[in-house]
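Colleague: Sequence isn't available, so here's the structure alone:
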């Protein structure tokens, strides 16, 4: 009986402490949530600390966008955050903010405060295939989604509150080339930290552009029966972020492609000294780094010795075949038209023999048949006798 009372008392105490602990861990949500867009990229959200809570150093605020897994822990009563509209699910989303302990651990049963955020302008796809070529300058180009609408491009450094207060930079060197439009941007910030804003009557779009770099410089050398390919990293970004892709063929065989690991700048290829090698290379970033890549380079040839010339072999095979065909056709044509090409010639002795035997007969026959005169037409004449004293009459 005594044991039962003690066990009941222990269970009651434990349950009470757990309830008190859970209730203490469930702080009331913040109040007075408001937001303001500092520019088209930067959002500032603020709130008020709920009353009756411990010192500010003992609490924190955990915030996240509904539907997103990532959370952000904040010690103060406001937060400034940059957004790119292309990453947002729609033109509006909901912020959820919990009041939690300083360790930023929240109870799954806690109730958050909510705040609905609307973008400054409707979100729209106003450009397609936007990319920036990085060399001495940052040359960006794009294809307008609707050519009948006027586009306005602005840019600044991403995630910088100071830049948002200064305002956005405008495109001052626009150009047009075929279906693509473009602009040369001037910024002291790294190319991978530039955010782009493009607006039209249809809406706006903010994003980080895809960066295009020149193809990598490829150096080829021979070591121990292998070709060592060395690449020069681009001038932007961390060298550990780059991967190199090289495609090659040897002796006109099928193309083979190899890719380096992240940060690796060399590759080795087996080498046949009797072949000509043709290399094309490009560079790209890993999925955890900036979005940048290049196109394939022009073909780069490598050969120590010229391959055996196959021209003589081809000539030795093709020419006899052509001659044989020509001879066969000639024999066929000669046989078919032999009576025209080579007519039958009579025996000369037979001709002389006939001449001797026929002699004058043949000559007379031949002479008489040389020319036969054509008889002339003679008009008949009528003669009339006239007397001496008579009148002379003229025949008509």
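Modeller: Ah, there it is. Computed from a predicted model, the values in this text were never measured in an experiment.
Colleague: What's opposite the closest residue to residue 158 other than its chain neighbours in the beta bridge?
Modeller: With Cβ to Cβ, 6 or more residues apart in numbering as the criterion, residue 158 has its nearest non-adjacent residue at 4.1 Å, and that residue is residue 195. Every C-beta, even on glycine, is put in place using the N, C-alpha and C of the backbone. Beta bridges link residue 195 to residue 156, judged by DSSP bridges.
Colleague: What helix or strand is the closest residue to residue 256 other than its chain neighbours located in?
Modeller: Nearest non-adjacent residue to residue 256, counting by Cβ to Cβ, 6+ apart: residue 248, 6.0 Å away. Assigned by DSSP states H and E, residue 248 falls within strand 242-250.
Colleague: okay, and the helix or strand of the protein with the least pLDDT?
Modeller: Lowest by mean pLDDT, DSSP states H and E among the helices and strands of the chain is helix 2-25, with a mean of 46.
Colleague: which residues are in contact with the next helix or strand after it?
Modeller: For helix 2-25, the following helix or strand on the C-terminal side (DSSP H and E) is strand 31-37. The contact list for strand 31-37 (Cβ atoms under 8 Å, 6 or more residues apart in numbering) reads 43-48, 50, 95, 97, 113-115, 117, 120.
Colleague: hang on, the earlier thing: could you list the buried residues of the strand holding residue 248?
Modeller: 242-250 (16 or more other Cβ atoms under 10 Å).
Colleague: coming back round to it: now render the contacts of strand 31-37 as CSV, adding secondary structure.
Modeller: What follows is the contacts of strand 31-37, written out as CSV (DSSP: H, G, I helix; E, B strand; the rest coil):
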residue, secondary structure
43, strand
44, strand
45, strand
46, strand
47, strand
48, strand
50, coil
95, strand
97, strand
113, strand
114, strand
115, strand
117, strand
120, coil
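Colleague: of these, closest to residue 283?
Modeller: residue 43 (35.1 Å; Cβ to Cβ).
Colleague: can you pull the contacts of the closest one?
Modeller: Residue 43 touches 35-37, 80-83, 117, counting by Cβ under 8 Å, 6+ apart.
Colleague: just the buried members of those residues?
Modeller: Buried, going by 16+ other Cβ under 10 Å: 35, 37, 81-83, 117, out of the contacts of residue 43.
Colleague: any chance you could map the strands in the stretch 201-350 of the chain?
Modeller: Using DSSP state E, counting those that start in this stretch, the strands of the stretch 201-350 of the chain run over 203-207, 210-212, 218-223, 226-231, 242-250, 256-259, 266-270, 277-285, 292-293, 300-302.
Colleague: Show me what the first one is packed up against.
Modeller: Other elements packing on strand 203-207 under the criterion 3 or more Cβ pairs under 8 Å, 6 or more residues apart in numbering; DSSP states H and E are strand 194-200.
Colleague: Show me which positions of the strand it packs on end up buried.
Modeller: Under 16+ other Cβ under 10 Å, the buried positions of strand 194-200 are 194-200.
Colleague: about what we covered before: tell me the bridge partners for the residue nearest to residue 256.
Modeller: Counting by DSSP bridges, the residues bridging with residue 248 are residue 256, residue 279.
Colleague: From what I see, it and residue 270 are in contact.
Modeller: No - in this structure, residue 248 is not within contact of residue 270 by Cβ atoms under 8 Å, at 10.9 Å.
Colleague: contact partners of the strand holding residue 248?
Modeller: Contacts of strand 242-250 (Cβ under 8 Å, 6+ apart): 216, 218, 229, 231, 233-234, 255-265, 267, 269, 272, 275-286, 296.
Colleague: For PyMOL, what selects the buried ones among those residues?
Modeller: Selection command for PyMOL covering only the buried members of the contacts of strand 242-250, criterion 16+ other Cβ under 10 Å:
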select buried, resi 216+218+229+231+233+234+260+267+269+275+276+277+278+279+280+281+282+283+284+285
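Colleague: of the buried residues of strand 194-200, closest to residue 27?
Modeller: Using Cβ to Cβ, these come closest to residue 27 at residue 195, 35.6 Å.
Colleague: could you measure the closest one against residue 37, distance?
Modeller: 14 Å (Cβ to Cβ, to the nearest Å).
Colleague: And residue 321, by the same measure?
Modeller: 81 Å.
Colleague: Tell me where the chain is predicted with low confidence.
Modeller: 1-26, 107-109, 164, 304-315, 339, 341, 343-348, 350-396 (pLDDT under 70).
Colleague: Give me the domain ranges for it.
Modeller: In the domain annotation for the chain, the residue ranges read 30-118, 127-212, 218-302 (automatic domain parsing).
Colleague: Residue 99 versus residue 258, what's the distance?
Modeller: 55 Å.
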